[in-house]
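Colleague: Structure for the following, please:
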Amino acid sequence: ERHKNKKTKSHRDPTREMKQATKRPQEVVSTEEERPYKRSNMGTRSRSNRVSGNDDVEARPSQSSTAKRGLPQPTPDNIRSLELSPKTERALVAFCANDNTLEDSLPLALTDKPEPDHGAHQYIYQRQEYDEGMLVYSTSMVVDARTNDAMRSPFLLYNVGLTHLSRGKYQEARRWFQLALERLQLVSDNPQAAMAVVETYHNLGYCHYHLGDNKTAMRLYQEALALVREHGLGELQEAASLNCIAVLLFHNGMKEGRQEILTFFERVLAIYRAFKGVESAECATCLNNIGRLHYLNANYDMALNAYSQSLEIRRKVLGPMSIDVAATICNKGQTHHQQGELDQAMDCYKEFLKVAPARLGSKHRDIAVIFKCMAEIHHEKGDLDTARSMYEKALQAGRSALGNYHPDLASTLNKLGNLYYELEDLDTALRYYNEGLKVEKVTLDAHHPHIIVTLMNIAQIHRHRGNLAAALTKYREVHVLQLNANGPNSIEVATTLTNMGLIQHQIKSHAAAFESYQEALRIQRDHYKSDDHLEIASTLNSIGLVLFNQKVYELAKECFYDSLRIRKKLLGADHRDVAILWYNIATIYLETGEDDRAITYYEETLRVERKALGNSHCDVVLTLQHLGLVHQQRGELEKALVYFNEALSIERTRAGRSKTSVAKLLNLIGNIHLQQAEMTDMMKCYSEASRIYRDHGPHDTLVIAGYNFYGLRKLHPPCAPVA
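Modeller: Numbers count the residues shown, from 1 in each chain. Model prediction:
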């Protein structure tokens, strides 16, 4: 997901206007303020690195994220180097020289994976094969007059399997290779058998790898490696087996084993450089694999170095129009993208598109992926119109290549939802999110995190539109999914509970809000093992607000003080979020009639806000206004007038101000003048406020504090004669 997780102002007392900025969807869930979630968009950036061999992380809602615009860390689940192997091409030509239909289909994806049964929902599995160095033995075994009789049968079976393999028929190929292996094991004492068994193990492993059975593939490659070492078949054969094992380990995604994988790849590279030459295709493929591993480890400079070396060799050996060259270019592009080097990334994506459509066709999954990556760059640069156009291209190409129900399409639909969310076209955003959710429910597990994030995005839009009941329903759905997926003590559950608590608070279901926040607090304390965490401070503040609304002032005050202690310790005494707690504490003292302490804490609020936010921030205006109201209620009209006038002066010049906010301050100042019997000044303020309300606030009107003349005379004797 790719959007920056902007920190918004924490909740203040409901009696004070709460300013909440509209933000991009996020993948990281906020605990306190409204934050849409982003996956690879409303959230996680989606880097569909299937083309390039990096990862397609569908960030979801949320967030997130690195310090740069919410970039997600890559994960290995979907990483495949999808480059069309030149060895595969040579094998196809060798076995099918007279097959014109096959030659025409060479650039297209080879498919052999069973399609999930989704009833009427079409799901097309499509994968273009790129070179990872996995297909090493693609030459048929020679069967002639010199071939040992015992070896003829397994050799012929092997060659039939290789023919099916070259056509992408992995199920059929596996069956023939297995038959060949059984025959070879009957003649294991034959000198020719050892190398033949190694080659058969390799190609059987390759079939299982393509059929998604990495565990069996790993066993076969390990047996091949053991046989190579046992019979001393040579370092090149050892390198081939080590490379395949390393690629499988890479795809298994075990973080703790990555150093071992790198050691394997470096050993393979050293052997290929010694035996094949430093500018061989094998070295280029190994460097590409090393680059992918560095990318996965977020070592982007090292990844770029490996990709650059690989690209230089591939251009020399394979030519500029090779799909393998294009794939390494795309790998570089995605690495630049992760580093925030958007122009370099865009150049790489454009170069990929110069080569790929001619080889893959214009309606191919990898083309759709790169359209989406390019759209993300325009999105990040703020060129929303171009981003929208590119996302729509990605969606069109993806539907042509993959059908209407595929996780990649859900990712693009969610990115379009994010974009329209930023454009504040909430109806269109909601339509795309709902469409994406429909696809996800068909193609993903019921508790998949992408579904959870999309539901949170939908809930966020309902919140924006004021449809709090619908938002709460979606958050409850999320809560159930998270309980089933992660258990009742996961921090994700706590985050959702805080969102539920906020909505319950807003609909004045205070008892339910209190329960939600209390359970969230329990989970957070268990998870963080200490109270000294900002999420705990945030939840304590929220509990304090709920208790405040229930008029349980002493407990509310304890929560605010606990939250204040944590925030001061972690953020310092002059942080904006510390000012929020001073404000909330001051409001409690005001409610309980301790005006002097209330004024002291409002003044501390004002000091911190000015230091943290500057003198012209809207929060400074609100605090000045509150101080003025307190002094006005105490009959200290001159002090009240000073605070109101300062607030008005700031509000008249503040960027992004509301016209009606100026009118409300004029109204307050007019009331002070009325109470002081200053009729001329009063009329100026009332008249200007009335004109503003007439032009900009049709639902607002003057509130004149002089109708109760008797009470006014008793409270403020100076105005009695005029009254």
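Colleague: Could you use CA atoms for every contact and neighbour count after this?
Modeller: Noted.
Colleague: Can you pull the poorly scored residue ranges out of this structure?
Modeller: Per-residue confidence for the chain (pLDDT under 70) gives these ranges: 1-129, 697, 706-716, 718-723.
Colleague: run the last query once more with 50
Modeller: 1-128 (pLDDT under 50).
Colleague: So Thr454, which state does it fall into?
Modeller: helix (DSSP: H, G, I helix; E, B strand; the rest coil).
Colleague: And for it, the neighbour number?
Modeller: Thr454: 33 surrounding residues under other C-alpha atoms under 10 Å.
Colleague: Could you do Thr285 as well?
Modeller: 27.
Colleague: Next one: it from Leu353, what distance?
Modeller: Computed with C-alpha to C-alpha, to the nearest Å, the distance linking Thr285 and Leu353 is 21 Å.
Colleague: same thing with Thr587?
Modeller: Counting by C-alpha to C-alpha, the gap from Thr587 to Leu353 is 61 Å.
Colleague: and what of Glu238?
Modeller: 36 Å.
Colleague: can you check Ala410 too?
Modeller: 23 Å.
Colleague: Could you do Gly656 as well?
Modeller: From Gly656 to Leu353 the distance is 43 Å (C-alpha to C-alpha).
Colleague: and the two? which has more neighbours close in?
Modeller: Neighbours per residue (other C-alpha under 10 Å) separate Gly656 from Leu353, with Leu353 holding more: 17 against 8.
Colleague: Nearest spatial neighbour of that one, chain-adjacent residues omitted?
Modeller: Ile367 (7.4 Å; C-alpha to C-alpha, 6 or more residues apart in numbering).
Colleague: cool, and Ala537?
Modeller: Ala537's closest residue in space is Ser563 (C-alpha to C-alpha, 6+ apart), at 4.4 Å.
Colleague: burial measure for the one you found, as a count.
Modeller: 28.
Colleague: correct me, but it touches Asn541?
Modeller: Yes - under the criterion of C-alpha atoms under 8 Å, Ser563 makes contact with Asn541 at 6.0 Å.
Colleague: Name the residues contacting each of the two.
Modeller: Jointly contacting Ser563 and Asn541 under the rule C-alpha atoms under 8 Å, 6 or more residues apart in numbering are Leu581.
Colleague: Buried residues in stretch 141-156, which are they?
Modeller: By neighbour count on 16 or more other C-alpha atoms under 10 Å, the buried set for stretch 141-156 is Met141, Met151, Arg152, Pro154, Phe155, Leu156.
Colleague: Ok, stretch 272-285 next?
Modeller: For stretch 272-285, burial by neighbour count (16+ other C-alpha under 10 Å) applies to Tyr272, Val278, Glu279, Ser280, Ala281, Glu282, Cys283, Ala284, Thr285.
Colleague: surely the second one meets Tyr272?
Modeller: Spelled out, that is Val278. Yes - here Val278 lies in contact with Tyr272, judged by C-alpha under 8 Å, at a distance of 7.5 Å.
Colleague: picking up where we left off before, and the buried residues of stretch 272-285, which two are furthest apart?
Modeller: Val278 and Thr285 (11.6 Å; C-alpha to C-alpha).
Colleague: From one end of stretch 225-244 to the other, what's the distance?
Modeller: 10 Å.
Colleague: ok, and for that stretch, which residues are buried?
Modeller: 225, 227-228, 235-244.
Colleague: Looking at those residues, spot the one nearest Lys332.
Modeller: In terms of C-alpha to C-alpha, no member of those lies closer to Lys332 than Asn243, at 21.4 Å.
Colleague: nearest residue to His505 other than its sequence neighbours?
Modeller: Ala513 (5.5 Å).
Colleague: what's in contact with the strand or helix carrying Pro154?
Modeller: Using DSSP states H and E, Pro154 maps to helix 149-166. Helix 149-166 is contacted by residues 88, 91-92, 95, 138, 140-143, 170, 172-177, 179-181, 183-184, 187, 192-193, 200, 203, 207 when judged by C-alpha under 8 Å, 6+ apart.
Colleague: Now which of these would you call buried?
Modeller: The buried subset of those (16+ other C-alpha under 10 Å) comprises 88, 91-92, 95, 138, 140-141, 170, 172-177, 179-181, 183-184, 193, 200, 203, 207.
Colleague: related to what we said a few turns ago, the residue nearest to Leu353 is in contact with Lys354, isn't it?
Modeller: No - applying C-alpha under 8 Å, one finds Ile367 not in contact with Lys354, separated by 10.8 Å.
Colleague: okay, the two: which has more neighbours?
Modeller: Ile367 (24 against 13).
Colleague: if I look at Leu342, how far off is Asn467?
Modeller: Distance of Leu342 to Asn467, given as C-alpha to C-alpha: 38 Å.
Colleague: Tell me which of these two has more neighbours.
Modeller: Leu342 (21 against 13).
Colleague: buried residues in the helix or strand hosting Thr587?
Modeller: Per DSSP H and E: Thr587 is located in helix 576-591. Neighbour-count burial for helix 576-591, counted by 16+ other C-alpha under 10 Å, picks out 576-590.
Colleague: ditto for stretch 503-520
Modeller: Within stretch 503-520, judged by 16+ other C-alpha under 10 Å, the buried ones are Ile503, Gln504, His505, His510, Ala512, Ala513, Phe514, Ser516, Tyr517, Gln518, Glu519, Ala520.
Colleague: residues making contact with that stretch?
Modeller: Against stretch 503-520 from outside (C-alpha under 8 Å, 6+ apart): 468, 471-472, 493-495, 497-498, 500-502, 539, 542-543, 546-547, 549-550.
Colleague: again, only this time at 10 Å
Modeller: 14, 31, 463, 468-469, 471-472, 475, 488-502, 521, 523-524, 535-536, 539-550 (C-alpha atoms under 10 Å, 6 or more residues apart in numbering).
Colleague: what do you get for stretch 603-613?
Modeller: With C-alpha under 10 Å, 6+ apart, stretch 603-613 has contacts from 573-586, 597-602, 614-624, 627.
Colleague: That stretch: how far from the chain's middle?
Modeller: Distance of stretch 603-613 from its chain centroid, counting by C-alpha atoms, centre = their mean, to the nearest Å, is 34 Å.
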